[in-house]
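S.K.: need a structure here:
(chains A, B, C and D)
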There are 2 protein chains.
Amino acid sequence: MTENVNDPRIVRTMHMLREALLELMEEQGFERITVKDITSKAGLNRGTFYLHYADKFDLLERITEEMMQGLRQIAQTFDPLDLVMHESQDTPFPFTVRLFEYFGEHARFFSVMLGPKGDPAFSVKFKEFMQVHLMDKFNEFHHSEDRVPVPWDYLMAYLISAHLGIVQYWLERGRDHTPWDVALMFTRMTQLSPIQSAGLKK
Amino acid sequence: MTENVNDPRIVRTMHMLREALLELMEEQGFERITVKDITSKAGLNRGTFYLHYADKFDLLERITEEMMQGLRQIAQTFDPLDLVMHESQDTPFPFTVRLFEYFGEHARFFSVMLGPKGDPAFSVKFKEFMQVHLMDKFNEFHHSEDRVPVPWDYLMAYLISAHLGIVQYWLERGRDHTPWDVALMFTRMTQLSPIQSAGLKK
DNA sequence: CCATAAATGAACTTTGTGTTGATTAATGAT
DNA sequence: ATCATTAATCAACACAAAGTTCATTTATGG
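M.R.: Here you go, the predicted model:
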């Protein structure tokens, strides 16, 4: 397990192992992958793998943590007041655009991890991220516990999962729309009922 | 690989293997499970496993297929016209209630498979099921390709994932509402915009 | 140029896989 | 109740991959 990130050999090796894992996950899914597979795809000795990672789970966790770190950094720029101000405008919310740009930059990772060959625990992590960094900032609004059409927590589960679904579908389709366009869909679907979104009702 | 389903020994053995797998998946997730784990939890000889299943993937597939068969059977009773007739009523759609009852009966399976330790390919299967048996029956309504607020396919992805999310959350919470109650939430969230569902707007 | 340390290669133990063949035990048809 | 059938057990096997160790080669940076 190495620490020194200055040595270009280490950077190179770790990068190759990470790339190899993602490629293999696309092909076979995480389950079937062996350490042998990873190192031979990366063109490295099997022993070298263990110099940097404990096992394939460890490797995946490290990649994941890096991506989540990137997401958290973007989340810092989110202000719920911006969203309130933005209400009823028919332009995408800028923060959402930024998120989609990030997904696009790391499309390989997100598309594999959120897809059928991915890790369901990652989807959960991703949902928790949205819950903590986005949804929880609106908790102030729901003090009126009684007489709401739908319990707050179920509504959150609905919205978070819906948003995750859009990200998944967008990646699955090979990003057939710009981040700006998908973000606009987000904004509209949040403002309208599903029936209105479909254009079946003014 | 056995065929004769009449022999009670076979029924018993297969049932024990299935139960053991689900229990282990709850504990450790599919990935870490060995055939040894399954048979010793089931109190059977390791060799016996191979009399019935090729490997642990095979076992999981068979269980999955059984559950999907049950879902398809329920889906046969679905008529999109019923849903149209039901519009703007504030009662749950009966078909949805039936589905949730089924999820409840097989809560162990669905909660594991749709949860963080589950199989992401199953979530995809489940979404495809909803797409084919529910959503596709409304394709007739969207001939007006132009000027819709959101592309039809993205709206479908949004709705399907949202609904999956509710099922997941309901199971995760240990089914803290009756099938009737959750089904009513469904109906309301489909009729209202997210902002209305939250009670933030008339 | 050279001390340091990363990568390689080979050997080794351990764990799980999937199969086989002989033996024991349960089943259901007579 | 008997008995042929066949499921389940048990032990042994070859094989593949995991994870470790250590001597050797190669690349890095001072």
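S.K.: Backbone dihedrals for the nearest residue to A:Leu134 once chain neighbours are set aside, please?
M.R.: Residue nearest to A:Leu134 in three dimensions, not counting chain neighbours: A:Phe78, with 6.7 Å by CB to CB, 6 or more residues apart in numbering or on different chains. C-beta coordinates here come from the backbone N, C-alpha and C atoms, glycine included. With angles defined as degrees, to the nearest 10, A:Phe78 sits at phi -90, psi 130.
S.K.: now the helices for chain A?
M.R.: A:8-28, A:35-42, A:46-52, A:56-75, A:80-85, A:94-105, A:107-113, A:120-133, A:152-172, A:179-191, A:194-197 (DSSP state H).
S.K.: which residues touch the residue nearest to A:Leu114 when sequence neighbours are not counted?
M.R.: Leaving out its chain neighbours, the residue that sits closest to A:Leu114 by CB to CB, 6+ apart is A:Gln168, at 4.9 Å. By CB atoms under 8 Å, 6 or more residues apart in numbering or on different chains, the residues touching A:Gln168 are A:Leu114, A:Gly115, B:Ala157, B:Ser161.
S.K.: OK, contacts around the closest residue to the third one other than its chain neighbours?
M.R.: If you skip the residues right next to it in sequence, B:Ala157 has A:Tyr169 as its closest partner in space, 3.7 Å away by CB to CB, 6+ apart. Taking CB under 8 Å, 6+ apart as the criterion, A:Tyr169 is in contact with B:Asp153, B:Tyr154, B:Ala157, B:Ser161.
S.K.: do A:Ala183 as well
M.R.: Residues in contact with A:Ala183 (CB under 8 Å, 6+ apart) are A:Pro92, A:Phe93, A:Thr96, A:Val97, A:Leu99, A:Phe100.
S.K.: can you rerun that using 7 Å?
M.R.: Contact partners of A:Ala183, counting by CB atoms under 7 Å, 6 or more residues apart in numbering or on different chains, are A:Pro92, A:Phe93, A:Thr96, A:Val97, A:Phe100.
S.K.: Correct me if wrong: A:Pro80 contacts A:Asn139.
M.R.: No - A:Pro80 lies out of contact with A:Asn139 (CB atoms under 7 Å); the separation is 9.9 Å.
S.K.: contacting residues around stretch A:134-141?
M.R.: The set of residues external to stretch A:134-141 that reach it, using CB under 7 Å, 6+ apart, is A:Phe78, A:Pro80, A:Met156, A:Ile160, B:Leu200.
S.K.: burial measure for the first one, as a count.
M.R.: Spelled out, it's A:Phe78. Other residues within reach of A:Phe78, judged by other CB atoms under 10 Å in any protein chain shown, total 17.
S.K.: Please apply the same query to the second one.
M.R.: Under the neighbour criterion other CB under 10 Å, A:Pro80 is assigned a count of 15.
S.K.: Which positions in chain A make contact with DNA strand D?
M.R.: Proximity of chain A to DNA strand D, by CB under 7 Å from any atom of the strand, involves residues A:6-9, A:34-36, A:46-47, A:50, A:54-56.
S.K.: Could you report the neighbour count for A:Thr77?
M.R.: The burial count assigned to A:Thr77 is 10, neighbours taken as other CB under 10 Å.
S.K.: Also A:Gly29?
M.R.: 18.
S.K.: same question, A:Ile33
M.R.: Neighbourhood size, A:Ile33 [other CB under 10 Å]: 19.
S.K.: isn't it right up against A:Leu22?
M.R.: No - taking CB under 7 Å as the definition, A:Ile33 is not a contact partner of A:Leu22, at 10.6 Å.
S.K.: can you list the helices of chain A in JSON lines and add mean pLDDT?
M.R.: Shown next, in JSON lines, are those (pLDDT from 0 to 100):
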{"stretch": "helix A:8-28", "mean pLDDT": "95"}
{"stretch": "helix A:35-42", "mean pLDDT": "97"}
{"stretch": "helix A:46-52", "mean pLDDT": "97"}
{"stretch": "helix A:56-75", "mean pLDDT": "97"}
{"stretch": "helix A:80-85", "mean pLDDT": "88"}
{"stretch": "helix A:94-105", "mean pLDDT": "96"}
{"stretch": "helix A:107-113", "mean pLDDT": "95"}
{"stretch": "helix A:120-133", "mean pLDDT": "96"}
{"stretch": "helix A:152-172", "mean pLDDT": "97"}
{"stretch": "helix A:179-191", "mean pLDDT": "93"}
{"stretch": "helix A:194-197", "mean pLDDT": "85"}
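S.K.: hey, which of those helices is tucked in deepest?
M.R.: Comparing the helices of chain A by mean neighbour count (mean count of other CB atoms under 10 Å in any protein chain shown), helix A:152-172 ranks first with a mean of 22.
S.K.: distance between it and the chain's centre?
M.R.: On the basis of CA atoms, centre = their mean, to the nearest Å, helix A:152-172 sits 11 Å off its chain's mean C-alpha point.
S.K.: what does stretch A:45-65 give?
M.R.: 21 Å.
S.K.: Any idea how far apart the tips of it sit?
M.R.: End-to-end distance for stretch A:45-65, by CA to CA, to the nearest Å: 25 Å.
S.K.: Show me the domain layout of chain A.
M.R.: Listed by automatic domain parsing, the domain ranges of chain A are A:8-53, A:62-197.
S.K.: The first one and chain B, are they touching?
M.R.: So that's domain A:8-53. Yes - contact of domain A:8-53 with chain B (CB under 7 Å from any CB of the partner chain) involves A:Glu31.
S.K.: if you look at that domain, does any of it touch DNA strand C?
M.R.: Yes - Domain A:8-53 lies within reach of DNA strand C by CB under 7 Å from any atom of the strand, at A:Arg9, A:Ile10, A:Arg12, A:Thr13, A:Gly43, A:Leu44, A:Asn45, A:Gly47, A:Thr48, A:Leu51, A:His52.
S.K.: Around the closest residue in space to A:Pro80 that isn't next to it in sequence, how many other residues sit close by?
M.R.: Spatial nearest neighbour of A:Pro80, excluding adjacent residues (CB to CB, 6+ apart): A:Lys137 at 4.2 Å. By the criterion of other CB under 10 Å, A:Lys137 has 15 neighbours.
S.K.: nearest to B:Glu66, of the contacts of A:Tyr169?
M.R.: B:Ser161 (24.6 Å; CB to CB).
S.K.: And for the closest one, nearest residue in space, chain neighbours not counted?
M.R.: Leaving aside its chain neighbours, B:Ser161 sits nearest to A:Gly165 (2.1 Å; criterion: CB to CB, 6+ apart).
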